[in-house]
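Asker: fold the following and give me the result.
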Amino acid sequence: MLRNRRLFLALAIVMVLALVISGCGPKGEKLAKEINLNLSTEPPTADPGLQSDTTSGQVTELLFLGLTDLDEKTLEVIPELATKWTPSTDGLKWTFELRKDAFWVTYDPATKKFTKRRAVNAHDVEYAVKRTLDPATASDYAYVLYKIKNGQEFNTGAITDPNEVGVKALDDWTVEFTLTEPAGFFPAIAGMWVCKPVAKECVDQFGDKWTEPGNIWTNGPYAMAMWEHESKMVMVKNPHYYGAKTVSIETINFSMVSEESTAFAMYENDELDVCPVAPGDMDRVKADPKLSAELYSAPDLCTYYYGFNNTKPPFDNKLVRQAFSYAVDRQKLIDTVLKGGQKPAKTFGCPGIFGTPAEDPNFKGISYDPAKAKELLAQAGYPDGKGLPEVTLMFNTSQGHQKIAEFIQASWKEALGVDVKLTNQEWKVYLKTVSEDAPQIFRMGWCADYPDENNWVLEVFHSTKSDNPIKWSNAEFDQIVEQAAAESDPAKRKELYFKAEQILCVDEAGIIPIYYYVRNTCTKPWVERTYNPIGVEHVDKWKVKAH
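Answerer: Numbering: from 1, shown residues only. Next comes the predicted model:
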């Protein structure tokens, strides 16, 4: 997500159980009515059109339906609001047929009562897509919809008539998208938050306050009952949700505890049900018989990386960027700091993504080579780091990110003789900083919105069709990823993505791929849950047994 679109799972969600008991599950077991989850930080937004990070994504996932979803096991596109979809013979049009039993609801926090407003329809989808693309909305993620005819032109102001955008409600239950070129992965894009319907009458009435409790219209398995900013959020089960009978957890209490050590201490004290394991706790967790039995480790479709602002000296010089990348000992970082079974990254796209050369033995990437790093820096005119401008590395506030930054800071000092300044900001502020005026080096993570390299190389680093946080432009790279997006032959697409990753990560070193994520989570034995490898969790599918 996130922009770090899914922008980064180190802000992973922490979950907690409350001890309120209700009826029986399908096997006769007693189930809890409430669960407490920790978002780790204040969500920047609950507006699907403005969302660009995984924290906000967890909120919108539970409040709003997408046209499609992804199966957690197969990663295949599956129905959600749409019941089926069909492409035209030339692949330029996709028609989605909607279910008729999804409804808009409001929840009154004062009376604790729901009001069913009306059915969700195709006009809501058309409105939401055009709203995301409207430059007045200022969506950081609008570029994902540039495959829609005139989507980019409308978003950038080249045209001003929204009726020229290639999305149209053919009737109340059918919406049609017209694309600029064939894209077999479009049904996955159609399921993203940027396409999730929102109610125009709600937005018109409340403006910027439409996502506040009491105002917001939602249509998902939960509704918002409370949002005390920077403190907590409460969601309650939506009785008018078409799948309400399958939702056993009636109340979700979100807290916002950012300190990883505090969260894990709460987990050990049975105040939290589920908690990601911080690097500093990993050795102890593995050695503890009880905690190790509760530990779950599995690959995640995410990559942790450092981005360079390619417009700011000295990182406007590719030799300097290459030098800094060769000076990072990724395996030592994993062995001594992370300790969670992560894998060193040589590409941006991680294993499990179609088209990535992450596991291709022919793709060498940049690996630790301090001698070469030192040589490259000298070639750039900075022998032993002499004469190099002051360098700043920024990361969002987190104990884990700080430990990683301190390790890499020491690596750069040892290999290059460079003193790098570290600084951090809270998540919401940090996202704004990176988007508007990124520092020389900044921490970021990317997690799959859908499992295709188009979602990685084109939608993150294309010079005009992405948010492009590294402010980098390479004509050959742009041409390759555009060609790959339009190519129907899978083998040819892989060849093109090999070249694109080579340019991005090696030849131009626009970023430093650091490691591929592994999910390390402790879960209490009374929690029956799923694990979504592609981002936010489907908490509505979870159960908590009485204990």
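
Asker: endpoints of stretch 349-364, how far apart?
Answerer: Taking Cα to Cα, to the nearest Å, stretch 349-364 runs 14 Å from one end to the other.

Asker: what do you get for stretch 421-433?
Answerer: Termini of stretch 421-433 sit 17 Å apart (Cα to Cα).

Asker: now do stretch 172-183
Answerer: 25 Å.

Asker: then stretch 90-99?
Answerer: By Cα to Cα, the extent of stretch 90-99 from end to end equals 26 Å.

Asker: got the end-to-end distance for stretch 517-532?
Answerer: Across stretch 517-532, first to last residue, Cα to Cα, it's 13 Å.

Asker: leaving out chain neighbours, which residue sits closest to residue 188?
Answerer: Closest residue in space to residue 188, ignoring its immediate chain neighbours: residue 450 at 3.4 Å, by Cβ to Cβ, 6 or more residues apart in numbering. (Each C-beta comes from the backbone N, C-alpha and C, glycine too.)

Asker: show me what contacts that neighbour?
Answerer: Taking Cβ atoms under 8 Å, 6 or more residues apart in numbering, we find residue 450 in contact with 70, 77, 185, 188-189, 191-192, 534.

Asker: kindly report the same for residue 107.
Answerer: Residue 107 sits in contact with 113-115, 213-214, 218, 223-225, 236, where contact means Cβ under 8 Å, 6+ apart.

Asker: picking up where we left off before, just the ones of the contacts of residue 450 in strands?
Answerer: 70, 77 (DSSP state E).

Asker: of all the contacts of residue 450, which comes closest to residue 436?
Answerer: The closest of these to residue 436 turns out to be residue 192 (Cβ to Cβ; 23.3 Å).

Asker: helices of the stretch 201-350 of the chain, residue ranges please.
Answerer: Ranges of helices within the stretch 201-350 of the chain are 260-268, 279-287, 289-294, 318-326, 330-333, based on DSSP state H, counting those that start in this stretch.

Asker: need these in JSON lines (columns: distance to residue 303, mean neighbour count and mean pLDDT).
Answerer: Output for those, formatted as JSON lines (distance: least, Cβ to Cβ, whole Å; neighbours: other Cβ atoms under 10 Å; pLDDT from 0 to 100):
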{"stretch": "helix 260-268", "distance to residue 303": "20", "mean neighbour count": "18", "mean pLDDT": "89"}
{"stretch": "helix 279-287", "distance to residue 303": "17", "mean neighbour count": "16", "mean pLDDT": "91"}
{"stretch": "helix 289-294", "distance to residue 303": "27", "mean neighbour count": "12", "mean pLDDT": "96"}
{"stretch": "helix 318-326", "distance to residue 303": "14", "mean neighbour count": "24", "mean pLDDT": "98"}
{"stretch": "helix 330-333", "distance to residue 303": "12", "mean neighbour count": "19", "mean pLDDT": "98"}
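
Asker: TSV for the ones you listed, including distance to residue 149?
Answerer: Formatted as TSV, these follow (distance: least, Cβ to Cβ, whole Å):
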stretch	distance to residue 149
helix 260-268	45
helix 279-287	46
helix 289-294	50
helix 318-326	36
helix 330-333	42
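
Asker: out of these, nearest to residue 422?
Answerer: Per Cβ to Cβ, nearest to residue 422 of the helices of the stretch 201-350 of the chain: helix 318-326, 14.4 Å.

Asker: and for residue 470, the neighbour number?
Answerer: Taking other Cβ atoms under 10 Å as the criterion, the count of residues near residue 470 is 25.

Asker: touching, it and residue 509? I think so.
Answerer: No. Between residue 470 and residue 509 there is no contact under Cβ atoms under 8 Å: 10.3 Å.

Asker: which residues do those two both contact?
Answerer: Residues touching both residue 470 and residue 509 by Cβ under 8 Å, 6+ apart: residue 308.

Asker: hang on, isn't residue 398 packed against residue 257?
Answerer: No. Assessed by Cβ under 8 Å, residue 398 is found out of contact with residue 257, at 11.9 Å.

Asker: count the neighbours of residue 528 for me.
Answerer: Number of residues near residue 528 (other Cβ under 10 Å) recorded here: 15.

Asker: beta partners of it?
Answerer: Per DSSP bridges, the residues bridged to residue 528 are residue 543.

Asker: run through the residues that contact it.
Answerer: Going by Cβ under 8 Å, 6+ apart, residue 528 touches 542-545.

Asker: could these go into JSON lines alongside neighbour count and pLDDT?
Answerer: Output for the contacts of residue 528, formatted as JSON lines (neighbours: other Cβ atoms under 10 Å; pLDDT from 0 to 100):
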{"residue": "542", "neighbour count": "20", "pLDDT": "95"}
{"residue": "543", "neighbour count": "17", "pLDDT": "95"}
{"residue": "544", "neighbour count": "27", "pLDDT": "89"}
{"residue": "545", "neighbour count": "17", "pLDDT": "91"}
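
Asker: which residues does stretch 311-324 contact?
Answerer: With Cβ under 8 Å, 6+ apart as the criterion, stretch 311-324 contacts 308-310, 366, 373-374, 376-377, 379-380, 382, 388-389, 391, 412, 416, 439-441, 471, 506-510, 512.

Asker: cutoff 7 Å now
Answerer: Here stretch 311-324 makes contact (Cβ atoms under 7 Å, 6 or more residues apart in numbering) with 308-310, 373, 376-377, 379-380, 382, 388-389, 412, 416, 440, 471, 508-510, 512.

Asker: buried subset of those?
Answerer: Neighbour counting over the contacts of stretch 311-324 (16 or more other Cβ atoms under 10 Å) leaves 308-310, 373, 376-377, 380, 382, 388, 412, 416, 440, 471, 508-510, 512 as the buried ones.

Asker: so which of those residues are in helices?
Answerer: 373, 376-377, 412, 416 (DSSP state H).

Asker: now the residues you listed in CSV, with pLDDT and distance to residue 84?
Answerer: Output for these, formatted as CSV (pLDDT from 0 to 100; distance: Cβ to Cβ, whole Å):
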residue, pLDDT, distance to residue 84
373, 98, 53
376, 98, 54
377, 98, 56
412, 98, 53
416, 98, 56
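
Asker: nearest to residue 499 among the residues you listed?
Answerer: residue 376 (21.9 Å).

Asker: the closest one: what's it in contact with?
Answerer: Neighbour list for residue 376: 319, 322-323, 326 [criterion: Cβ under 7 Å, 6+ apart].

Asker: of those, which is the nearest to residue 203?
Answerer: Nearest member of the contacts of residue 376 to residue 203, counting by Cβ to Cβ, is residue 322, at 46.8 Å.

Asker: gap between the closest one and residue 371?
Answerer: Per Cβ to Cβ, to the nearest Å, residue 322 is found 13 Å from residue 371.

Asker: coming back round to it: max pairwise distance over the contacts of residue 376: which two?
Answerer: Longest span within the contacts of residue 376, Cβ to Cβ: 319 and 326, 10.6 Å.

Asker: so, low pLDDT: which residues of the stretch 1-150 of the chain?
Answerer: Filtered on pLDDT under 70, the stretch 1-150 of the chain yields the residue ranges 1-29.

Asker: those helices in it, which residues are they?
Answerer: Counting by DSSP H, counting those that start in this stretch, the helices of the stretch 1-150 of the chain are 54-63, 122-133.

Asker: closest to residue 265 out of the ones you listed?
Answerer: helix 54-63 (21.4 Å).

Asker: and that closest one, how far out from the chain middle?
Answerer: Relative to its chain's centre, helix 54-63 lies at 10 Å (Cα atoms, centre = their mean, to the nearest Å).

Asker: the more surrounded of residue 398 and residue 257?
Answerer: Taking other Cβ under 10 Å, residue 398 and residue 257 do not tie; residue 398 has more neighbours (23 against 16).

Asker: just give me the neighbour total for residue 113.
Answerer: Residue 113, neighbours per other Cβ under 10 Å, totals 9.

Asker: from residue 224, how far off is the nearest residue to it once chain neighbours are set aside?
Answerer: The shortest distance from residue 113 to any non-neighbouring residue, by Cβ to Cβ, 6+ apart, is to residue 107 (7.4 Å). Between residue 107 and residue 224 the computed distance is 7 Å (Cβ to Cβ).
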